[in-house]
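**Q** With the sequence up front, the predicted model follows.
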Amino acid sequence: MKHIAIFASGNGSNAENIINFFAGKASATVSCVLTNNADAPVAGKARRAGVPCLAFDRKAFDDGTQICRFLDLHRADYVVLAGFLWLVPGYLTDRFEGRIVNIHPALLPKFGGRGMYGMHVHRAVIEAGEKRSGITVHEVSRRYDEGRIICSVECAVMPDDTPESLAERIHGLEHKWFPTIIENEIEKLAAAE
Ligand code: GRF
């Protein structure tokens, strides 16, 4: 049984969806949630699902001691970033090398990097006149959105799309595919052990 730690900064609909997906599965479980925003809805979603949640500030994130202790306590051996906005420091990318993934709401390598999050991404896709967008799940490295791409799933960008309508379509893709992609990756890791 693998223990997944989810980092999230905001609403946490993906975090909640992943928690529900793995509930009752033998392969993995979400053992904890970590957030840089104690007031973010994701914290309430985690608590309601009975998943321990740690809220940390910038100092604790940079230092790492409290976070590593929490990850140890909850036996985390796989990390999922689901709407987590801070750049991940080396103590996490090193510790979870090959076992830390992020979801990006566009087709990387385009429309990624610093400042490319949330509506900024969807606005940029529409302004560029793209006909396709989608989701990209990738490994997390020391640079925003640059780790190895694991999987991407496409959808159409409609001529009358607004950033909001595109965001909704992309969220649908995330909810449909992200948990399964995580499960596949975890099964591959387990098979290689
Ligand atoms: C998602 O669109 C994800 O791709 C991005 O942040 C958003 C988080 O949404 N990284 P939610 O908080 O899970 O609803």
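**A** Received the coordinates, thanks.

**Q** Around the ligand, which positions in this protein sit nearby?
**A** On the criterion CB under 6 Å from any ligand atom, the ligand has as its neighbours in the chain the residues 8, 10-15, 82-83, 103-105, 171, 174. In short, each C-beta sits where N, CA and C put it, glycine included.

**Q** so which residue of this structure comes closest to the ligand?
**A** Nearest residue of the chain to the ligand: G83, at 2.6 Å (CB to the nearest ligand atom).

**Q** correct me, but that residue touches G10?
**A** Yes - distance between G83 and G10: 5.1 Å, which falls inside the contact criterion (CB atoms under 8 Å).

**Q** Give me the pLDDT value at G115.
**A** We have a pLDDT of 89 for G115.

**Q** Next up, the contacts around it.
**A** By CB atoms under 8 Å, 6 or more residues apart in numbering, the contact list for G115 is empty.

**Q** Pull the number of nearby residues for N14.
**A** Other residues near N14 number 22, with proximity taken as other CB atoms under 10 Å.

**Q** actually C53, sorry about that
**A** One way to gauge burial is a neighbour count; for C53, by other CB under 10 Å, it gives 22.

**Q** Chain neighbours aside, what residue packs nearest to it?
**A** A46 (3.9 Å; CB to CB, 6 or more residues apart in numbering).

**Q** got the contact list for that neighbour?
**A** I6, G12, A15, I19, V33, P52, C53.

**Q** On the three-state scheme, it is what?
**A** At A46, secondary structure determined by DSSP: H, G, I helix; E, B strand; the rest coil is helix.
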